[in-house]
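K.L.:
All I have is the shape, not the residue letters:
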C-alpha cells in the first residue's frame with residue numbers, strides 16, 4: 001500500500017473587500033496566505049516536489065534526511081521522548097537502586113550518534129519553556145549516565161521490546177517486536193501524552209499547563225511509579241501546581257523540580273532522550289518563503305507558522321504550497337475532530353482560538369481575547385454557573401472564588417454572516433458541564449476529560465458590558481462591539497497566562513453549530529470523538545464529508561429554525577427571533593456551501609474531494625487581527641551572558657543579544673552587546689515592550705532553590721539582580737530571554753563566593 005502525503009497549497013487571491021460605510025477597502029487579515037488547497041500525493045514525491053519548487057515546506061517531515069539541496073533549510077523542534085519502561089516482573093524483583101543501575105546499563109547500548117536522537121536522560125528538555133529551571137538537574141542526570149556508559153553485556157535471556165523509531169537506537173542487546181520482554185523502549189509524542197491539547201474544542205485551549213516539561217513528565221511517568229508513597233506525594237505536588245496553591249516563583253520552581261525528581265526516583269519508567277523533528281522549507285531568493293515562525297514542540301504543524309510565513313515572490317498574489325505526510329483518518333468536526341496531521345493543519349487555518357500557544361515558551365499569547373486578572377475572595381451577585389442539565393443558574397450567595405479574569409472579546413462575523421454575540425462565548429461553558437452530566441446519552445468522554453479543569457475551577461460567569469472598539473483604516477473609522485465577560489475561578493495556576501487559558505470566554509464556532517453537534521451525538525447520528533465512536537459503534541461525526549450525516553443535520557436545523565429553538569442555558573441571552581435568524585443563517589450557509597463547518601477564522605472551507613481540499617479567505621472588516629500581528633515570532637533568536645559581577649546586595653549581568661538584520665528578501669542574525677536603544681523593528685521582534693529579560697535561579701549545594709525569577713532590562717547595558725549577601729555554597733544560573741524565546745537557552749552557571 002502506498003503512503004499518502006497531503007500537499008497543502010496556499011494561494012493568495014485578490015478577493016473584493018466587503019463594503020463598509022460606503023467605501024470599498026482592500027483588507028488583509030493577519031495571515032499572508034489567502035487560499036489553501038490540500039491534495040494527497042505519494043510520499044515518495046515529497047522530496048522531488050521540494051527540489052522542483054512545487055511545494056515550499058513539508059510540515060512534519062524532512063524528506064532529504066542528510067545533506068540538504070541548495071536553497072533549502074530545516075527548522076528543528078521536539079518530536080517526542082525516547083522512553084525505557086521495565087516490565088512488572090523486573091519491578092517486583094528489583095529494588096529502585098538496582099533498576100536504576102540496570103537502566104544505565106541499557107542506556108550504554110543506545111546509539112547516541114543517530115542524527116534524529118539526542119541522549120538526554122531527564123524529562124524536561126531544551127525544547128520546553130521551563131527547561132532553564134531544571135538545567136542543573138538535567139546536567140547532573142547526563143553526567144551520571146556518562147559515568148556509567150560502557151556497553152556492559154546484558155544477560156542472554158534479557159529481552160528488550162523495541163519497535164518503530166526506537167528499534168534502530170539499540171546496539172547490542174536482543175530486541176524483539178513482541179512476545180516476552182523485560183524492558184520496552186518506545187517513542188512517545190505529544191499527541192499521546194496530552195491528547196486533549198490536540199482537540200479543537202471550539203477554539204478553547206486545554207489544558208493550560210500542557211506544554212510545561214514538568215506536566216509532560218507527570219503524564220509520562222506518574223502512572224508507572226510503583227511506590228505508593230512516592231506516587232501520592234507526586235500527585236499532591238501536581239495539584240498544588242495546577243491549583244494555584246503557590247505564593248512565589250521560588251516555591252513554584254522548587255515544586256516543579258521536586259515533582260520531576262520524585263517521578264524519576266524509582267526508575268520504573270525513565271527517559272533516555274528525545275527525538276528532534278526536522279522539517280524542510282525552501283529559502284530560494286524568489287521562489288522561497290520567509291518570516292517563518294514555528295513552534296518548539298509542534299514545529300511547522302502549528303498555528304504560528306500559518307500566521308507568519310509569507311512568500312518572497314508576489315507575497316499577496318502568489319501560491320504557498322505545503323506537503324504534509326501522513327494518512328488522513330480523522331473526522332472533521334470542531335470539538336474532537338481534526339486530530340491527524342492533515343486535520344490539524346486544516347483546523348489551524350480555519351479555526352481561530354482564544355489564545356495561541358506561545359511558540360518558544362510554555363505560555364500563551366492573546367489571539368481573539370484580551371484579559372486582566374485580579375485576586376478576589378467571592379463571586380459577586382448576578383453571576384451565573386452552568387449545571388449538568390444545561391441550564392444557567394445563579395451562583396449561591398457567598399460562593400468563594402480566588403481569581404477574577406476579565407475577558408474582552410475580539411469578535412468578528414462568522415462565515416454564515418451572523419454576528420458573534422455573548423451567547424456564542426457562553427455556550428462552551430454550558431457544553432462543558434453537560435459533557436460531565438451525560439445528558440440524554442450525548443456526553444462525549446474525550447470532551448468531558450478535556451473540559452474537566454474548567455468544571456473544577458469555574459465558580460461563576462458574569463457578562464458586564466459591551467466595549468466599543470474603533471480603528472482607523474485608510475481614513476475610515478471602523479467600529480464593532482466587544483463583549484466583556486468576567487470569569488470567576490475557585491483555583492487557578494500561579495502563572496497569569498495559564499490562568500487566562502484555563503476557561504476563556506470564547507468560541508471559534510457559533511452556538512448553533514455546538515448545539516447541533518450535541519444533538520447529533522444524542523440521537524446517535526455520530527459521535528463527537530473517535531473513542532466514543534468506537535465504543536458506541538457509530539460513525540465519528542464529520543460535518544463536511546459525510547453526506548448522509550449532513551442531510552440528517554439539515555432536518556434538525558429546519559426544525560430548530562421553525563421554532564426559534566434556544567437551549568435552556570441561552571434563554572436569557574437569545575430571543576426566539578434572534579434564534580430563528582441564527583438557525584436560518586446556518587441553514588443558508590449549508591445550502592450554499594454543502595457543509596456545516598462555520599467558524600469565525602480568516603479562512604473558510606470552499607470545496608473538497610477524496611484527494612483535495614480548498615480553503616478561501618473570509619475577508620471581512622470585522623476581523624480584528626491585521627498583517628504583522630505575529631511577526632515578532634518569526635525567526636527565533638537568543639541572548640548570551642558575557643559577564644557577571646558581584647556587588648553589595650546585587651549582581652550585575654552583562655549580555656549580548658541577537659537581532660534580525662533584513663535586507664532585500666534575505667536576513668541574517670546579528671549578535672551585538674546589550675545596551676543601545678532598539679530600532680522599531682528590533683522592538684517589535686523582541687516582544688510587546690521590546691525588552692530582553694534575564695532569568696535567574698539561585699541553587700544551594702544540596703539542590704535547594706534559594707531564589708528564582710526574572711528581571712527586565714532597564715538601561716545601562718546590564719541587568720541588575722537583587723541577590724542577598726551571605727549566601728554560602730550556592731550557584732546562580734542565568735539565561736537571557738530575547739523575543740520571548742525561552743527554548744534552547746544559552747545557560748551560564750556562576751558560583752557565588754561566600755561573603
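P.N.:
Nice, thanks for sending it over. Owing to the predicted nature of the structure, the values given are computational and were not obtained by experimental measurement. Numbering: from 1, shown residues only.
K.L.:
any idea which helix or strand comes after whichever strand or helix holds residue 48?
P.N.:
Assessed by DSSP states H and E, residue 48 sits inside helix 46-51. Later in the chain than helix 46-51, the nearest helix or strand by DSSP H and E is strand 72-86.
K.L.:
Residue 712 is in contact with residue 691, correct?
P.N.:
Yes - in this structure, residue 691 is within contact of residue 712 by C-beta atoms under 8 Å, at 4.7 Å. Where you see a C-beta, it was placed from the backbone N, CA and C, and this is true even at glycine.
K.L.:
So which of the two has more stuff around it?
P.N.:
Per other C-beta atoms under 10 Å, whichever of residue 691 and residue 712 has more neighbours is residue 691, with 15 against 12.
K.L.:
any idea how far the more buried one lies from residue 495?
P.N.:
19 Å (C-beta to C-beta, to the nearest Å).
K.L.:
Also residue 85?
P.N.:
Distance from residue 85 to residue 495, by C-beta to C-beta: 31 Å.
K.L.:
Residue 747: neighbour count?
P.N.:
Using other C-beta under 10 Å: residue 747 sits among 19 other residues.
K.L.:
Surely it and residue 734 touch.
P.N.:
Yes - using C-beta under 8 Å, residue 747 is in contact with residue 734, at 7.1 Å.
K.L.:
What helices and strands are in contact with the helix holding residue 48?
P.N.:
Counting contacts by 3 or more C-beta pairs under 8 Å, 6 or more residues apart in numbering; DSSP states H and E, helix 46-51 packs against strand 319-325.
K.L.:
could you give the mean pLDDT of the strand it packs on?
P.N.:
Mean pLDDT, strand 319-325: 82.
K.L.:
helices or strands next to the very next helix or strand once past it in the packing?
P.N.:
On the C-terminal side of strand 319-325, the closest following helix or strand by DSSP H and E is helix 341-350. Applying 3+ C-beta pairs under 8 Å, 6+ apart, one finds that helix 341-350 contacts strand 4-11, strand 35-42, helix 303-306, strand 319-325, strand 603-608, strand 612-617.
K.L.:
got a list of contacts for helix 341-350?
P.N.:
Outside helix 341-350, the residues that touch it by C-beta atoms under 8 Å, 6 or more residues apart in numbering are 6, 8, 31, 33, 36, 38, 59-60, 198, 200, 301-303, 305-306, 322, 324-328, 330, 332, 334, 337-338, 597, 599, 601, 603-605, 613, 615.
K.L.:
can you check stretch 515-533 too?
P.N.:
Counting by C-beta under 8 Å, 6+ apart, 199, 330-331, 333-337, 339, 427, 431, 434, 439-447, 536, 538-543, 546, 549, 552-553, 556-557, 560, 565, 567, 586, 596 sit against stretch 515-533.
K.L.:
Regarding that stretch, how distant is the last residue from the first?
P.N.:
Stretch 515-533 stretches 18 Å from its first residue to its last (C-alpha to C-alpha, to the nearest Å).
K.L.:
buried residues in it?
P.N.:
Under the neighbour-count criterion of 16 or more other C-beta atoms under 10 Å, stretch 515-533 has 515-521, 525-533 buried.
K.L.:
and if you look at stretch 78-89?
P.N.:
Result for stretch 78-89 [16+ other C-beta under 10 Å]: buried residues 78-86.
K.L.:
what pairs with residue 647 across the strands?
P.N.:
On the basis of DSSP bridges, residue 647 is bridged to residue 650.
K.L.:
sorry, back to before: ChimeraX command to pick out the buried ones of the contacts of stretch 515-533?
P.N.:
Buried subset of the contacts of stretch 515-533, written as a ChimeraX selection, criterion 16+ other C-beta under 10 Å:
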select :199,330,331,333,334,335,336,337,339,427,431,434,439,442,443,444,445,446,447,539,540,541,542,543,546,549,553,556,557,560,565,567,586,596
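K.L.:
List the buried residues for the helix or strand containing residue 656?
P.N.:
In this structure, residue 656 is located in strand 650-663 according to DSSP H and E. Under the neighbour-count criterion of 16+ other C-beta under 10 Å, strand 650-663 has 651, 653-660 buried.
K.L.:
what's the following helix or strand after that strand?
P.N.:
According to DSSP H and E, the helix or strand after strand 650-663 is strand 666-673.
K.L.:
so how far is that following strand off the chain centroid?
P.N.:
With C-alpha atoms, centre = their mean, to the nearest Å as the basis, strand 666-673 stands 28 Å off its chain's centre.
K.L.:
The residue lying closest to residue 360 once chain neighbours are set aside: neighbour count?
P.N.:
Among residues not flanking residue 360 along the chain, residue 741 sits closest, at 4.1 Å (C-beta to C-beta, 6 or more residues apart in numbering). Residue 741 has 24 neighbouring residues, counting by other C-beta under 10 Å.
K.L.:
I'd say residue 741 and residue 636 touch.
P.N.:
Yes - here residue 741 reaches residue 636: they are 4.6 Å apart, a contact under C-beta under 8 Å.
K.L.:
list residues touching both of those two?
P.N.:
Contacts common to residue 741 and residue 636, judged by C-beta under 8 Å, 6+ apart, are residue 360.
K.L.:
tell me the pLDDT at the residue nearest the centre of the chain?
P.N.:
The residue lying closest to the centre of the chain (C-alpha atoms, centre = their mean) is residue 357, at 4.2 Å. We have a pLDDT of 96 for residue 357.
K.L.:
and it, what are its bridge partners?
P.N.:
Beta-bridge partners, per DSSP bridges, of residue 357: residue 364.
K.L.:
Distance check, it against residue 364.
P.N.:
Counting by C-beta to C-beta - residue 357 and residue 364 are separated by 6 Å.
K.L.:
Now list whatever residues contact both of those two.
P.N.:
Common neighbours of residue 357 and residue 364 are listed as residue 205 (criterion: C-beta under 8 Å, 6+ apart).
K.L.:
returning to what we had before: which members of the contacts of stretch 515-533 occur in helices, if any?
P.N.:
427, 431, 434, 445-447, 536, 549, 552-553, 556-557, 560, 586 (DSSP state H).
K.L.:
Distance to residue 254 and pLDDT for those - can I get that in CSV?
P.N.:
Converted to CSV, those look like this (distance: C-beta to C-beta, whole Å; pLDDT from 0 to 100):
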residue, distance to residue 254, pLDDT
427, 40, 97
431, 37, 95
434, 39, 92
445, 35, 92
446, 34, 94
447, 35, 94
536, 45, 94
549, 52, 97
552, 55, 97
553, 52, 98
556, 53, 98
557, 54, 98
560, 54, 98
586, 51, 98
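K.L.:
wait, which of the buried residues of strand 650-663 is closest to residue 289?
P.N.:
residue 660 (15.4 Å; C-beta to C-beta).
K.L.:
and that closest one, how far is that from residue 730?
P.N.:
37 Å.
K.L.:
for residue 61, same thing?
P.N.:
On the measure of C-beta to C-beta, residue 61 and residue 730 end up 45 Å apart.
K.L.:
swap in residue 471?
P.N.:
Taken as C-beta to C-beta, the span from residue 471 to residue 730 is 51 Å.
K.L.:
Can you list the buried residues in the helix holding residue 48?
P.N.:
46-47, 49-51.
K.L.:
what do you get for stretch 64-74?
P.N.:
Buried-residue list, stretch 64-74, by 16+ other C-beta under 10 Å: 64, 71-72, 74.
K.L.:
And the residues you listed, which is closest to residue 631?
P.N.:
residue 74 (21.3 Å).
K.L.:
okay, now residue 116: neighbour count?
P.N.:
By other C-beta under 10 Å, the burial measure for residue 116, its neighbour count, is 16.
K.L.:
show me the contacts for it.
P.N.:
79, 165, 275-276, 278.
K.L.:
Which ones among those residues map onto strands?
P.N.:
79, 275-276, 278 (DSSP state E).
K.L.:
Whichever of the residues you listed end up buried, select them in ChimeraX.
P.N.:
Buried members of the ones in strands among the contacts of residue 116, defined by 16+ other C-beta under 10 Å, are picked up in ChimeraX with:
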select :79,275,276,278
